[in-house]
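Colleague: Sharing a model that was predicted from the sequence below.
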Amino acid sequence: MQRTLRNAYKRTNVFHCAYTPHHRFEDDVSVHHVMLTRKCFPSGCVQFRWRCKQFDKGQSCPRGYQFIGRSCEGCKFFYEKKESYNSELKLSSEEYESFRRELSEWEEWLDEVRGREVEFRGTIHTVKPHMKAFDGQRGHHLRFTGWLLTFREAIIGYDRLSDPVYVHVSRTQMSRQGLAAGMEIDALGTFDLDRGRPLLTRFHRIEVLAGRAFVPSESEALIAAHKGATFSPPPEKCMLCERGVLVDVEGEKVRPGRPNRCMLCLEGIPAPGDCLFHLKDALSGARGPAVTSASSETPSEASRET
């Protein structure tokens, strides 16, 4: 019997947290971030904020700095303030019990498929370059590593997953298969999770059931990797846009508390506020980029960092 599952890890209507880095998400964070990454429910979490006694008094810095940074360490006016935050439930007790059952069913299913080769069927929603960013002294250095297929839903094994699924394919596979948005495909792949997002790798035995073949522009991806400007944190409208590419950041400078993902715009627009890509849709009355939410109750992106 086929089961229909939802990705309980990516629900953002369960917890609310006022921890400073969450402000860009309006303090609504995913179940995966709260329960598995930070493990801050119900015990809460701690943040240490840099403060300056001179700034607290409204006076200027004796060293001439305008902001508090690492150069301030060792200064007699510099100190750290400890702040505690508790993740708050947005659900009633009955709703929370229902969520716990949903989470238990989701994790039991994950135990069945994680790390295993599974049968896969779905219709491609978008095809985007798969990039990695390496944080260096001169900013992010991008590297094109293949292609990322996104699916709004998919059949995995015998069960239907009614939330976004991501598939990584190599440059060679894409050149040979010519996969494109709108194609319905059958394949085999190894199932795993990437920060709560279902991700299939080692994708093979791909059979196109419907849709025309199309070879995506690898040259565009290489040019974007070489010249593309990145920005962070990734805005929601860019994550939902077919021209926005979410990029993992690696390197020595990456540390807890710093953004570990950035956004690359394939249109070459360096600032989200300057984007006019969907203006023609707005003028014609068409809808903007579709929301691929992991929660049917909260229209937020499935791939947000938290």
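Modeller: The structure has been received and is ready for your questions.

Colleague: Now the helix or strand hosting Cys262: buried residues?
Modeller: Of the helices and strands defined by DSSP states H and E, Cys262 is found in strand 261-265. Across strand 261-265, burial judged by 16 or more other Cβ atoms under 10 Å covers Arg261, Cys262, Met263, Leu264, Cys265. The way it works is simple: take the backbone N, C-alpha and C, and place the C-beta from them, glycine included.

Colleague: and the residue located most distally from the centre of the chain, which of the three is it?
Modeller: Distance from the C-alpha centroid of the chain, by Cα atoms, centre = their mean, peaks at Pro62 (41.4 Å). Reducing the assignment at Pro62 to three states with DSSP: H, G, I helix; E, B strand; the rest coil gives coil.

Colleague: same check, this time on Gln173
Modeller: Three-state assignment for Gln173 (three-state DSSP): helix.

Colleague: Distance of it relative to Glu73?
Modeller: Remark: distance between Gln173 and Glu73 (Cβ to Cβ, to the nearest Å) = 49 Å.

Colleague: Which of those two has more residues huddled nearby?
Modeller: Looking at Gln173 and Glu73 with other Cβ atoms under 10 Å, you find the greater number of neighbours at Gln173, namely 16 against 10.

Colleague: dump the residue contacts of the more buried one.
Modeller: For Gln173, the contacting residues are Gly146, Trp147, Leu179, Phe203, His204, Ile206, by Cβ atoms under 8 Å, 6 or more residues apart in numbering.

Colleague: Spatially nearest residue to Arg212 (excluding sequence neighbours)?
Modeller: Among residues not flanking Arg212 along the chain, Ala180 sits closest, at 7.0 Å (Cβ to Cβ, 6 or more residues apart in numbering).

Colleague: Count the neighbours of the one you found for me.
Modeller: Based on other Cβ under 10 Å, the number of other residues close to Ala180 is 18.

Colleague: Specify the local secondary structure of it.
Modeller: coil.

Colleague: What score does it have for pLDDT?
Modeller: For Ala180, the model assigns a pLDDT of 87.

Colleague: and what of Gln173?
Modeller: Per-residue pLDDT puts Gln173 at 87.

Colleague: Please apply the same query to the one 4 residues further on.
Modeller: What the model reports as pLDDT for Gln177 is 85.

Colleague: where does the chain have low pLDDT?
Modeller: Under the criterion of pLDDT under 70, the regions of the chain flagged as low confidence span 18-28, 135-140, 213-217, 220, 224-229, 233-237, 239-240, 250-259, 277-306.
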